[in-house]
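Engineer: Give me coordinates for this.
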Amino acid sequence: MTIDLIIFDCDGVLVDSEPLAMQVLIAAIGARGAAITPAMAYRDYLGRSLSSISASLLDSHGMPLSPAALNSMRSDLYALYRRDLQGQSRPA
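Structural biologist: Numbers count the residues shown, from 1 in each chain. Predicted coordinates:
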């Protein structure tokens with residue numbers, strides 16, 4: 001048997017980065033004048049790409065995320081990852 005492709009999806013398995021990503025997203029949306037609750041953010045945006053989130057915000061709030069806003073969010077997120085992201089320990 002030849003293996004041509006292996007896909008690693010470790011988000012939520014080795015580390016749970018979603019709460020940090022949601023924190024950055026909610027702050028970025030709030031800074032642009034639209035308030036969403038964490039429950040709304042998880043319901044509407046969990047697991048989605050930034051481009052699909054931007055399109056959704058345009059539809060729902062008339063608020064696109066500009067390329068500069070997306071770059072700022074990425075920078076904020078990566079800084080938060082470096083500071084706060086920890087591996088999860090699982091019981092044996």
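
Engineer: From now on I want contacts and neighbour counts done on CA atoms only, so please keep to that.
Structural biologist: Fine.

Engineer: Which single helix of the protein contains the most residues?
Structural biologist: The longest helix of the chain (DSSP state H) is helix 67-84.

Engineer: Need the contact partners of that helix.
Structural biologist: Applying C-alpha atoms under 8 Å, 6 or more residues apart in numbering, the contact partners of helix 67-84 are 17, 20-21, 24-25, 28, 50.

Engineer: could you redo the last one with a cut-off of 7 Å?
Structural biologist: 21, 24, 28 (C-alpha atoms under 7 Å, 6 or more residues apart in numbering).

Engineer: Now the second one: which helix or strand?
Structural biologist: Yep, that's Val24 we're talking about. Applying DSSP states H and E as the criterion places Val24 in helix 18-31.

Engineer: Tell me the helices and strands packed up against that helix.
Structural biologist: Packing partners of helix 18-31 (3 or more C-alpha pairs under 7 Å, 6 or more residues apart in numbering; DSSP states H and E): helix 67-84.

Engineer: could you check the angle helix 18-31 makes with the helix it packs on?
Structural biologist: Computed with axes from the mean of the first three to the mean of the last three C-alpha atoms, to 10 degrees, the direction of helix 67-84 lies at 140 degrees from that of helix 18-31.

Engineer: So for helix 67-84, what gets flagged as buried?
Structural biologist: Along helix 67-84, these residues count as buried under the neighbour rule (16 or more other C-alpha atoms under 10 Å): 70, 73-74, 76-78, 80.

Engineer: And Glu18, how far from Asp44?
Structural biologist: 13 Å (C-alpha to C-alpha, to the nearest Å).

Engineer: With Leu5 instead?
Structural biologist: With the distance defined as C-alpha to C-alpha, Leu5 ends up 31 Å from Asp44.
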